[in-house]
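Undergrad: Task: produce atomic coordinates for the following.
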Amino acid sequence: MKHKVLMMDQVSPKMEMLSREYLNEQTEIIFCKNDRDREEHIATADVLVTFTNGIAKKWIEKAERCRFIQKLGAGVNNIDIEEASKRGIPVANTVGLNATSVAEHTVMLMLSTLKHLVQAHTAITNESRWLKTELRDRSYELSYKKVGLIGFGNIGKKVSQLLTGFRCDISYFDIFRLTEKEEEELGISFKPVDDLLKSCDVISLHVPLTEKTRHLIDAEKLAMMKADAILINTCRGGIIDEHALYQALKNGQLIGAGLDVFENEPIDQTNPLTRLPNVIVTPHIGGGTNEAMEAVASEAYYNINVFLCEGALSDVKNVVNREKVGSLR
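TA: Alright, predicted model coming up:
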């Protein structure tokens, strides 16, 4: 009898193809398009896989046969780890494999926000307006700017590497500080968050969403930023208090923001941030490139194949609740 893998999200044809390609012949995969599909198959699934939507407690409770959960990507904030651990279900993610894609997207948002790219494009294509004079007076170069990276994991490091070509003055904050030698080799300096906000022209966020980081950037923090600064977020939407950001942008406290992530996704079209001319939004696609998808799928389905074959975690990569379920496997 074949093992059943249940893809909880609606995914692209490319990811469907990769999923079938990387899973072994002893496994069948079911692709869910809606809750009806999930309800039909959840009780008989051996493995649950999620790409973007996450897996709530109610689904884990219904997954009577589930032995393993795999996230295609790094963020597991929308998977109920506590419930999975209570039931002895390992949860694994894929870390760092989309770092280049997200880092490139981050730098693209920096450039697009500083140079009002979307506003210029929309004015021409939708309004037949030529805003050469207006936008030229409000545009800035990225080169030589002071850039503050809040979070310096795989993605933060990649962003730093890309920015060296622009000869930016890069500072960072992370709860795990590098050694002085490492900082010197990378050409970066460590600063507390408040100092970054007060001194940098560009602030870019690269932290996981936890209870401690939720609304890390609130009205108080935004008020610390320079009036000619921009804010970039390609990590998780809940890091920013969106209402406070809207007020700051509307009142001219910042010159702009580039956002790939939001507190609620897909973003509601009534979200006032989407109506501001100095905000660029993208639909959480920073890590969504062909190269990143292939790398993520390869590691994720390696984990699934190994676990279903061996029934153990010894060769499974990036189990986020290993300590809690290790004794059960």
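Undergrad: which residues in the stretch 201-329 of the chain form strands?
TA: Assignment of strands within the stretch 201-329 of the chain using DSSP state E, counting those that start in this stretch yields the ranges 202-205, 230-233, 256-259, 279-281.
Undergrad: Please apply the same query to the stretch 1-150 of the chain.
TA: For the stretch 1-150 of the chain, strands defined by DSSP E, counting those that start in this stretch occupy the ranges 3-7, 27-31, 47-50, 68-71, 91-92, 146-150.
Undergrad: Out of these, flag the one nearest residue 287.
TA: Between residue 287 and the strands of the stretch 1-150 of the chain, the shortest gap by Cβ to Cβ is with strand 68-71, which sits at 12.1 Å. From N, CA and C alone the C-beta is placed, and that goes for glycine too.
Undergrad: Return the distance of the closest one from the chain's centre.
TA: The gap between where strand 68-71 is centred and where its chain is centred comes out at 18 Å by Cα atoms, centre = their mean, to the nearest Å.
Undergrad: thinking again about what came up before, minimum distance to residue 326: which of the strands of the stretch 1-150 of the chain has it?
TA: strand 91-92 (12.5 Å).
Undergrad: related to what we said a few turns ago, would JSON lines of the strands of the stretch 1-150 of the chain with distance to residue 19 and mean neighbour count be doable?
TA: Below are the strands of the stretch 1-150 of the chain laid out as JSON lines (distance: least, Cβ to Cβ, whole Å; neighbours: other Cβ atoms under 10 Å):
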{"stretch": "strand 3-7", "distance to residue 19": "7", "mean neighbour count": "22"}
{"stretch": "strand 27-31", "distance to residue 19": "5", "mean neighbour count": "18"}
{"stretch": "strand 47-50", "distance to residue 19": "8", "mean neighbour count": "26"}
{"stretch": "strand 68-71", "distance to residue 19": "11", "mean neighbour count": "27"}
{"stretch": "strand 91-92", "distance to residue 19": "15", "mean neighbour count": "24"}
{"stretch": "strand 146-150", "distance to residue 19": "33", "mean neighbour count": "24"}
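Undergrad: Turn those into CSV, columns for distance to residue 191.
TA: Compiled in CSV, these are given as follows (distance: least, Cβ to Cβ, whole Å):
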stretch, distance to residue 191
strand 3-7, 42
strand 27-31, 46
strand 47-50, 36
strand 68-71, 32
strand 91-92, 34
strand 146-150, 7
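Undergrad: With distance to residue 225 and mean pLDDT added, can I get those strands in TSV?
TA: Listed next are the strands of the stretch 1-150 of the chain as TSV, based on distance: least, Cβ to Cβ, whole Å; pLDDT from 0 to 100:
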stretch	distance to residue 225	mean pLDDT
strand 3-7	41	98
strand 27-31	43	96
strand 47-50	34	98
strand 68-71	32	98
strand 91-92	36	98
strand 146-150	9	99
